[in-house]
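> how would this look folded up:
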Amino acid sequence: FPSDKASGFKTRIPIHRDVLSQIAMPTHERPAGVSSIELFFDLVFVFVITQITQLVEHAHGTMDFFRALLVLIPIWWMYAGYAWLTNIAEASVRMRLVLIAAMAGFLVMAIVIPSVFGAGALTFGITYLVIVVIHLGAFALESKEVPAKAILGIAPFNLGASALLIGAAFAGEQWATAMFLLASLLFVGATIFRRERPFTLNAHHFAERHGLVILIVLGESVIAIALGAIGSDHSVRGQWIVGVVLSLVLVASMWWNYFDREDKRAADRLVAAPPEKRARMGLLGYWYAHLALIAGIIFVAAGIRQLLEGHEGMGLLAGGMVLFMLGDVFFRWVMGMSPITVRLLGAAIAASLGGIGSHWGAFASLAAIAAVAIAVIAV
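Next up is the predicted model:
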């Protein structure tokens, strides 16, 4: 600081070394929390998950389950795309307006999910295109750390998926399913061609944001418990309460499997990784692995509701737990964490229970799957 000419003394203000390191640190390296506008944006995803859960509940065969997954994939791709956007863009007034506009698009798209292979197909496709265009424009305008070529590299895949989803509205049901599949394969193509490579990631924010998404999806499963209990036969005194408690134990065990230090360990691995490797770890660990985790929770939620309403739901319940465990395995493998074997064993046991427990009652089914999840935690 300049000296005080009158006194001859220099003015010195002590600054902690951590503050200096934060000033010198690039934006994508600084620890950052999730903003309130992002949490507000996440609320729309609750309704998206509810609608996809409805698709799963009303499925009549393997193809219907597959279609529900094909609806989830493009939505999750763009939803995660906005997480990448807010990860490196400041939460300015303009960004708030961008996210609110995108929220409107996701909300409209969620409303037509039940008729996405029918009357709502065109609305779904056009709304998806709007969400993609807003995302690309916001990335180009708001991001100061990502070069323009990164945006141009991902644009053809996102716009191509939008075109396929719009085209699905003018095709028959089978062709519409094929177009949804091709749209999903475009995202795989973006992964193969490493289109995420030029992007930077703020590791702290990225891990926290995806952890909150898992909390949101688990919250939707709690809603499924309540709705299943409402639709159950309350004339049998006390039994529906047992079902609700067992269901909550199951959902709590899934929460425990993910949040028992695993989320923090994964964040630490992401922080420790070189910046050029973070984007790859982020895509594989937090998009692909979390897609399986989310799909698993959706299937479990649908199975819980069917069981509590007196229907056969063991297949959904077991299948959901298998997806959840396998997603957890892949997540741990990408992030370089262990143990993995016990979760593979848990997935195998859950799959076997789905085969032999198809005629079990609701209580036995819920207790058996919850026991698998709790055993994995214990081990």
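
> so how many other residues sit close to residue 129?
18 (other C-beta atoms under 10 Å). (Glycine included, C-beta is placed from N, CA and C.)

> Correct me if wrong: it contacts residue 164.
No. Applying C-beta atoms under 8 Å as the test, residue 129 and residue 164 come out as separate, 10.6 Å apart.

> And the helix or strand encompassing residue 216, what does it pack against?
Element membership for residue 216, per DSSP states H and E: helix 203-230. Using 3 or more C-beta pairs under 8 Å, 6 or more residues apart in numbering; DSSP states H and E, the elements in contact with helix 203-230 are helix 36-57, helix 62-88, helix 239-259, helix 262-272, helix 289-308.

> could the ones you listed go into CSV alongside mean pLDDT and mean neighbour count?
Formatted as CSV, the helices and strands packed on helix 203-230 follow (pLDDT from 0 to 100; neighbours: other C-beta atoms under 10 Å):
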stretch, mean pLDDT, mean neighbour count
helix 36-57, 92, 19
helix 62-88, 95, 20
helix 239-259, 92, 19
helix 262-272, 91, 18
helix 289-308, 94, 26
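
> and of the ones you listed, who's closest to residue 108?
Evaluated over the helices and strands packed on helix 203-230, closeness to residue 108 peaks at helix 36-57, with 10.1 Å, by C-beta to C-beta.

> Measure how the closest one sits relative to helix 203-230, angle-wise.
Interaxial angle of helix 36-57 relative to helix 203-230 (axes from the mean of the first three to the mean of the last three C-alpha atoms, to 10 degrees): 40 degrees.

> and stretch 74-89, C-alpha only, in PDB?
Presented in PDB, the C-alpha positions along stretch 74-89 are these (Å, rounded to 0.1, in the frame of the first residue of the first chain):
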ATOM      1  CA  PRO A  74     -33.400 -37.000 -23.100                       C
ATOM      2  CA  ILE A  75     -35.000 -35.100 -20.200                       C
ATOM      3  CA  TRP A  76     -32.100 -36.100 -17.900                       C
ATOM      4  CA  TRP A  77     -29.500 -35.200 -20.500                       C
ATOM      5  CA  MET A  78     -30.800 -31.600 -20.800                       C
ATOM      6  CA  TYR A  79     -31.600 -31.300 -17.100                       C
ATOM      7  CA  ALA A  80     -28.000 -32.200 -16.400                       C
ATOM      8  CA  GLY A  81     -26.900 -29.800 -19.200                       C
ATOM      9  CA  TYR A  82     -28.400 -27.000 -17.100                       C
ATOM     10  CA  ALA A  83     -26.400 -28.200 -14.100                       C
ATOM     11  CA  TRP A  84     -23.300 -27.900 -16.200                       C
ATOM     12  CA  LEU A  85     -24.400 -24.400 -17.300                       C
ATOM     13  CA  THR A  86     -24.900 -23.100 -13.700                       C
ATOM     14  CA  ASN A  87     -21.700 -24.900 -12.600                       C
ATOM     15  CA  ILE A  88     -19.600 -22.300 -14.500                       C
ATOM     16  CA  ALA A  89     -21.900 -19.300 -15.000                       C
END
